[in-house]
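> Sequence below, structure please.
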Amino acid sequence: MAVQPGRNDLKAQSWPMARSAQSLGLAYIGIVNGLFATLRRLDVAEANRLAEAAGMDPGYVRCWCDAAYAFGYLEAEGERFRLSEAGAAMDPQAPETLMPVAVQAMLNMHMAERAAELMRSGARPGEQVMAERATLLPWFGPMLEASFSAFFAETIGPGVPIFAEVDARGGLVVDLGCGNGWYLRALARRFPNLRGVGLDGFAENIAQAQRLAEKDGLGERLRFAPGDAHEFTLDGPADIIAMNRALHHVWEAGGAVFIRRLRDNLRPGGAAVIWEPDWPADRAALRAPARRGFAFQNLTEYVQGNHLLRAEEIAEAFAAEGMQPEIHRFGEGPEAVVVARRAS
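Down below sits the predicted model:
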């Protein structure tokens with residue numbers, strides 16, 4: 001019989017998790033206030049100089065520097081600080097940046113607090129909870145971009161043939177719920193003939209997306225505008241309507257009606273390209289490392305009025321509306337892309 005851990009053993013195992021949460025909280029403060037990026041530029045600086053250069057309050061920055069030193073993000077030389085290897089990795093511009101880990105951790109804590117409160121009443125306030133913390137929303141798009149853009153460019157883009165088909169005829173891709181526009185920018189870099197339109201319900205996201213497209217020299221091919229994914233309208237039919245991990249945001253409000261709207265806004269032969277985290281049919285699969293976070297994400301989605309979907313149910317919904325779906329799975333299973341073509 002396996003020996004069960006005693007209460008003291010469980011406590012000993014739990015404290016490091018609490019310290020990890022504190023560590024990621026410190027990293028988040030440094031990311032959103034530009035402290036890691038500023039200290040990388042300065043190389044070495046006293047806390048007051050760092051505060052001045054970052055435009056922050058010196059008292060807060062002094063306390064942050066001490067804490068960041070304690071948790072290994074900074075090295076100290078007397079009263080001067082420089083980034084450690086861990087601190088340099090938290091710079092959003094660092095190769096393989098760890099920024100999304102810290103941002104996701106803070107988003108998780110925000111959503112956990114909201115779930116704890118709302119569980120009493122059963123209220124599901126919707127996606128507006130994403131904008132309840134002033135520092136979180138501007139970093140949501142960069143978090144997704146840093147987490148998924150390389151995977152998309154190296155694996156999904158080459159693995160979904162319709163992108164190349166539409167590129168060959170200079171077609172139009174519409175991205176619903178585009179966030180900061182990273183998905184369209186990744187497509188435009190790989191497929192030079194594609195044109196793109198991104199729609200999003202948050203003005204902050206639209207402004208950020210347009211700014212980044214201009215910065216990348218893609219402003220003539222990509223445009224971004226406010227738009228409600230639930231009731232979007234297009235100037236004309238699209239070759240591809242893409243949703244990047246966003247279909248579950250509109251599903252409970254009427255999945256069949258929404259699928260018909262997608263179909264009716266596509267050219268004959270065009271396709272909906274739906275990238276979703278694939279909810280497993282067997283609960284036991286949630287304990288696999290690659291899927292473990294899905295269960296927590298599903299709870300946070302419930303707060304927003306959503307739930308995660310199985311790739312098969314998405315494909316079945318498209319088939320019921322006369323479209324031809326196929327499922328592509330990536331990332332050893334957890335990531336699914338459903339391509340559903342409208343009849344020619």
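> which residues in the chain form strands?
Applying DSSP state E to the chain gives strands spanning 45-46, 74-77, 80-83, 172-176, 195-200, 222-226, 238-244, 266-277, 324-330, 335-341.
> So what touches the fifth one?
Outside strand 195-200, the residues that touch it by C-beta atoms under 8 Å, 6 or more residues apart in numbering are 170-179, 181, 183-184, 187-188, 206, 209, 221-229, 232, 234, 238. Backbone N, C-alpha and C define where each C-beta goes, glycine included.
> Output that strand as CSV, nothing but the C-alphas.
Taking Å, rounded to 0.1, in the frame of the first residue of the first chain, the C-alpha atoms of strand 195-200 are listed here in CSV:
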residue,chain,number,x,y,z
ARG,A,195,-4.8,40.5,-47.4
GLY,A,196,-6.3,40.6,-43.9
VAL,A,197,-9.0,42.3,-41.8
GLY,A,198,-9.1,41.9,-38.0
LEU,A,199,-12.2,42.6,-35.9
ASP,A,200,-12.2,42.9,-32.1
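> Buried ones in it, by neighbour count?
Buried residues in strand 195-200, counting neighbours by 16 or more other C-beta atoms under 10 Å, are found at 195, 196, 197, 198, 199, 200.
> all helices of the stretch 51-200 of the chain, in order?
58-70, 85-89, 99-118, 137-151, 157-159, 162-168, 182-190 (DSSP state H, counting those that start in this stretch).
> scratch that, the stretch 201-344 of the chain
With helices called from DSSP H, counting those that start in this stretch, the stretch 201-344 of the chain shows them at 203-215, 248-251, 255-264, 292-303, 311-320.
> Dump those helices into a markdown table; add mean pLDDT, distance to residue 22 and mean neighbour count as well.
Converted to a markdown table, these look like this (pLDDT from 0 to 100; distance: least, C-beta to C-beta, whole Å; neighbours: other C-beta atoms under 10 Å):
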| stretch | mean pLDDT | distance to residue 22 | mean neighbour count |
| --- | --- | --- | --- |
| helix 203-215 | 94 | 28 | 18 |
| helix 248-251 | 92 | 31 | 22 |
| helix 255-264 | 92 | 41 | 17 |
| helix 292-303 | 93 | 19 | 17 |
| helix 311-320 | 96 | 37 | 18 |
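> mind giving me TSV with these and columns for distance to residue 283?
Compiled in TSV, the helices of the stretch 201-344 of the chain are given as follows (distance: least, C-beta to C-beta, whole Å):
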stretch	distance to residue 283
helix 203-215	34
helix 248-251	18
helix 255-264	22
helix 292-303	9
helix 311-320	16
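> Can you tell me which residue is spatially central in this protein?
Nearest to the geometric centre of the chain sits residue 144, at 2.8 Å (C-alpha atoms, centre = their mean).
> Settle this for me: that residue is touching residue 178, isn't it.
No. Contact criterion C-beta atoms under 8 Å: residue 144 and residue 178 do not qualify, at 10.6 Å.
> That'll do, ta.
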